[in-house]
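Engineer: model the following, please.
(2 chains)
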There are 2 protein chains.
Amino acid sequence: MRATTTVPARGAARTSGTVRIVGAGLLGSSIGHALSALGVDVALADTSPGQLRLAVDYGAGRVARDDDRPRLIVVAVPPDVTADVVARELAAFPEAVVTDVASVKLEPLRALRERGVDLTHYIGSHPLAGRERGGAISARADIFIGRPWVVCRDDQTSPADLAVVEGLALDVGAMPLEMDPVEHDRSVALVSHVPQLVASLLAGRFAGAPEGSLRLAGQGVRDTTRIAASAPELWVQILGSNAAPVVEVLDALAADLGEVAAALRHPDAPGARRTVADTIRRGNEGVELLPGKHGQNRRFAQLVVMVDDTPGQLGRLFGELGELDVNVEDLRLEHSPGAQFGLAEISVDPGAVRRAEDGLTARGWRIASTTND
Amino acid sequence: MRATTTVPARGAARTSGTVRIVGAGLLGSSIGHALSALGVDVALADTSPGQLRLAVDYGAGRVARDDDRPRLIVVAVPPDVTADVVARELAAFPEAVVTDVASVKLEPLRALRERGVDLTHYIGSHPLAGRERGGAISARADIFIGRPWVVCRDDQTSPADLAVVEGLALDVGAMPLEMDPVEHDRSVALVSHVPQLVASLLAGRFAGAPEGSLRLAGQGVRDTTRIAASAPELWVQILGSNAAPVVEVLDALAADLGEVAAALRHPDAPGARRTVADTIRRGNEGVELLPGKHGQNRRFAQLVVMVDDTPGQLGRLFGELGELDVNVEDLRLEHSPGAQFGLAEISVDPGAVRRAEDGLTARGWRIASTTND
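Structural biologist: Residues are numbered from 1 along each chain as shown, chains lettered A, B, ... in the order given. The predicted structure is shown next:
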């Protein structure tokens, strides 16, 4: 690492001329940093002078001027004001392509159509990137690297305008992905908004639990509820803006949940046992469908190695894996409650698992288990 | 690591005499391996001669004999035959303490009481340990280390018998934890059985999803659904044996889910927005209640560092953290789909975060972010 990223070198940007970014928060400023690093002229605007000053001071671009003639305008404001700002920018800069980066796509489009705005040069988009903290101060040039950037073209969209927006995505290291707004909103409902709600609902049940019961919690429930640690303000707005697709998935989930609860309540009813088994089996199939690393459903072999809870142990482990020419594809550390050591679950290419296991064992490491599915 | 574990050295076992283990599957054989390593005489029995042979060949103990006089009997058979086997063992060995390791505790006890068995020397227990694969062939001596081992004493239990079962837990490296069967079953319903079902139900919705939508999946949904990759047979039995507590949590969850769905469906109804916000907020509070490493709710600071997708990179990173005297408390690797590098999210003590950040930056690493909650 250190030397190589997928961000093109300075001067190699697809984006040319001035890019105007309205909203200098996390996403707007991050785009500004990434483009500025490529030598693109970035003109920033924000209703908050303090936020704008921070973004400029941190190097996300310069303050926008009245005589700017941008080819591309990026609207990076909260979902509930996106349509207003897009309409205003389209009117003020009739020559420019205007995109937005809101995490819902149908609601802003509906609002724009309702007020009769000419949307010829508007292309909604959504980079699937972010951080838990917002604001210009949290902005980073690299948050888009390798992530999908959904681009919602329509029949009105000219190839030239589309190339400008997709060029932006490519310049910041993202992967442009064409989808229509309905498909986009239903997709994020399923893979982002509903999982968030489910994690929150599940973790919400812990509040009333007797303290002792939570001592039995292991890695499974910790993973299942991890994303429940999210900011309420942002999620209320996201869920509200995508309510219909979210409710559709929630309703289907509630029906499935009711079915399996009924089967457990009446285990002797016809098909009850089968309902429970099918629930687990469909879950098995579902996780297999999620894209893994490098966008594939490729499976890795896992090695579980015991590591002491002292500095440098993981360094030795990974250093020795490097010497064995074994690439660590993924890694998960599990600490046993109360114990002074942990288990490192290492995913490696199935072809390398034997080499890793033999090499580590020879060097004195304790391999707790090896699975090679 | 390498040299130190919490397993006592050979000969230092609290357990004395012969331990009879009925059921030479994953748990029974693993206990056998751990005790054998301490020099304890382990007598194994199993209805399957093949399974028994495997367990003995792998070193979990010897084949049980008619003249064995065990002080302790461990029943490690599937939940639905646990009560039968416990009753038979109590009758055959009236001098011995009998424990079982089934993952539900009330149902076997109820069955034993129903048939009027003298339960003076029976103490139900449950080690919270396991692996995704079962059988003697998957057994490992170290799966119990640092994990809770619930022990269900009652008014009849003598201190001497209790000491024998808790000694077993300590000998294999587990932490004995006294709970009553009702409390145990409700606890595992909340922190294990319902999370499993919820992950399965959520992942089950992916099956019908248009393929494109899953391309937008990120680390959040992967974590939320990870445990959905579990064996259906085992879970049908576990859920069936603990149906009442599981249904109770499912019903509460269904009510919460219905409430938030109604709030999203009718956003202008009184309190709707607040219901959504409260759902997210209660989730925030819930995850905070889960015990972390060392059994505390201690929070760590996170550093996100970019690492190349080549062997040895993590080794260099952790080696240098070791040189900086920074202990890695937890670690999570995120690979961006399609990218040839990853982000390593490293949890460190809040007091060490500045040292880690400055030291790594000075050595040329790119720190993507730092959070210190």
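
Engineer: so where's chain A shaky on pLDDT?
Structural biologist: When residues are selected by pLDDT under 70, those of chain A lie in A:1-12, A:131-133, A:211, A:292-299, A:309-312, A:333-341, A:372-373.

Engineer: looking at it, which helix is longest?
Structural biologist: helix A:243-265 (DSSP state H).

Engineer: in it, what counts as buried?
Structural biologist: Within helix A:243-265, the residues scored as buried using 16 or more other CB atoms under 10 Å in any protein chain shown are A:243, A:245-247, A:249-250, A:252-254, A:256-257, A:259-261, A:263-264. Backbone N, C-alpha and C define where each C-beta goes, glycine included.

Engineer: from the structure, what's the count of residues near the nearest residue to A:I346 once chain neighbours are set aside?
Structural biologist: Leaving out its chain neighbours, the residue that sits closest to A:I346 by CB to CB, 6 or more residues apart in numbering or on different chains is A:L303, at 4.8 Å. A:L303 has 25 neighbouring residues, counting by other CB atoms under 10 Å in any protein chain shown.

Engineer: any idea how far A:L303 lies from B:G135?
Structural biologist: For A:L303, the distance to B:G135 equals 19 Å [CB to CB, to the nearest Å].

Engineer: next: A:G258.
Structural biologist: From A:G258 over to B:G135 (counting by CB to CB), the distance is 35 Å.

Engineer: my guess is A:P195 meets B:G220, correct?
Structural biologist: Yes - counting by CB atoms under 8 Å, A:P195 does reach B:G220; the two are 6.1 Å apart.

Engineer: helix or strand next in line after the helix or strand A:G286 falls within, which one?
Structural biologist: Assigned by DSSP states H and E, A:G286 belongs to helix A:272-289. With elements assigned by DSSP H and E, the helix or strand that comes after helix A:272-289 is strand A:301-308.

Engineer: note down every partner strand of that following strand and its orientation.
Structural biologist: Partners of strand A:301-308 in the sheet, by DSSP bridges, are strand A:341-348 (antiparallel), strand A:367-371 (antiparallel).

Engineer: name the next helix or strand downstream of it, please.
Structural biologist: Criterion used, DSSP H and E; the element after strand A:301-308 is helix A:313-323.

Engineer: would you list every one of the strands in chain A?
Structural biologist: A:18-22, A:41-45, A:62-63, A:72-75, A:97-100, A:122-127, A:148-152, A:175-178, A:301-308, A:330-335, A:341-348, A:367-371 (DSSP state E).

Engineer: residues making contact with the last one?
Structural biologist: Contacting residues not belonging to strand A:367-371 are listed as A:301-306, A:343, A:353, A:357, A:360-361, B:131-133, B:138, B:140, B:142-143 [CB atoms under 8 Å, 6 or more residues apart in numbering or on different chains].

Engineer: on that earlier part again, and the longest helix of chain A with chain B, contact?
Structural biologist: Yes - using CB under 8 Å from any CB of the partner chain, helix A:243-265 comes into contact with chain B via A:243, A:246-247, A:249-254, A:256-258, A:260-261, A:264-265.

Engineer: comparing the strands paired with strand A:301-308, which comes out most buried?
Structural biologist: strand A:341-348 (a mean of 22; mean count of other CB atoms under 10 Å in any protein chain shown).

Engineer: how many degrees apart are it and helix A:313-323 in direction?
Structural biologist: Strand A:341-348 and helix A:313-323 meet at an angle of 30 degrees, taking axes from the mean of the first three to the mean of the last three CA atoms, to 10 degrees as the criterion.

Engineer: with just CA atoms, put strand A:341-348 into PDB.
Structural biologist: Taking Å, rounded to 0.1, in the frame of the first residue of the first chain, the C-alpha atoms of strand A:341-348 are listed here in PDB:
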ATOM      1  CA  PHE A 341      -5.900 -13.700  24.500                       C
ATOM      2  CA  GLY A 342      -7.900 -13.900  21.400                       C
ATOM      3  CA  LEU A 343      -8.700 -16.000  18.400                       C
ATOM      4  CA  ALA A 344      -7.800 -14.600  15.000                       C
ATOM      5  CA  GLU A 345     -10.000 -16.000  12.200                       C
ATOM      6  CA  ILE A 346      -8.000 -15.600   9.000                       C
ATOM      7  CA  SER A 347      -9.500 -16.100   5.600                       C
ATOM      8  CA  VAL A 348      -7.100 -17.300   2.900                       C
END
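
Engineer: residues in contact with A:G212?
Structural biologist: B:M179, B:E183, B:S187.

Engineer: if we check chain A, which of those residues are in contact?
Structural biologist: Within those, those near chain A by CB under 8 Å from any CB are B:M179, B:E183, B:S187.

Engineer: what about stretch A:139-158 and chain B, touching?
Structural biologist: Yes - counting by CB under 8 Å from any CB, chain B is contacted by stretch A:139-158 at A:R140, A:D142, A:I143, A:I145, A:G146, A:R147, A:P148, A:V150.

Engineer: need the distance between the two termini of that stretch.
Structural biologist: 31 Å (CA to CA, to the nearest Å).

Engineer: on that earlier part again, between the residues of helix A:243-265 next to chain B, which is nearest A:V86?
Structural biologist: A:A243 (20.7 Å; CB to CB).

Engineer: and stretch A:359-366, what's buried?
Structural biologist: In stretch A:359-366, counting by 16+ other CB under 10 Å, buried: A:G359, A:L360, A:W365, A:R366.

Engineer: equivalent analysis for stretch A:195-207, please.
Structural biologist: A:P195, A:Q196, A:L197, A:V198, A:A199, A:S200, A:L201, A:L202, A:A203, A:G204, A:R205, A:F206.

Engineer: residue contacts, the fourth one?
Structural biologist: It refers to A:V198. A:L253, B:V198, B:L202, B:T224.

Engineer: any chance of those residues in a markdown table, plus distance to B:I31?
Structural biologist: As requested, the contacts of A:V198 are exported to a markdown table (distance: CB to CB, whole Å):
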| residue | distance to B:I31 |
| --- | --- |
| A:L253 | 39 |
| B:V198 | 31 |
| B:L202 | 34 |
| B:T224 | 33 |
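
Engineer: how is chain A partitioned into domains?
Structural biologist: A:18-179, A:186-209+A:218-289, A:301-371 (automatic domain parsing).

Engineer: which residues are contacting the longest helix of chain A?
Structural biologist: Against helix A:243-265 from outside (CB under 8 Å, 6+ apart): A:185-186, A:188-190, A:193-194, A:197-198, A:239, A:269, A:271-273, A:275-276, A:279, B:197, B:201-202, B:204-205, B:239-240, B:243, B:246-247, B:250-251, B:253-254, B:257-258, B:260-261, B:264-265, B:267.

Engineer: now do the contacts for A:V56.
Structural biologist: Neighbours of A:V56 in contact, by CB under 8 Å, 6+ apart: A:L44, A:R62, A:V63.

Engineer: where do the contact lists of A:P195 and B:G220 overlap?
Structural biologist: Common neighbours of A:P195 and B:G220 (CB under 8 Å, 6+ apart) are A:I227.

Engineer: many thanks, have a good one.
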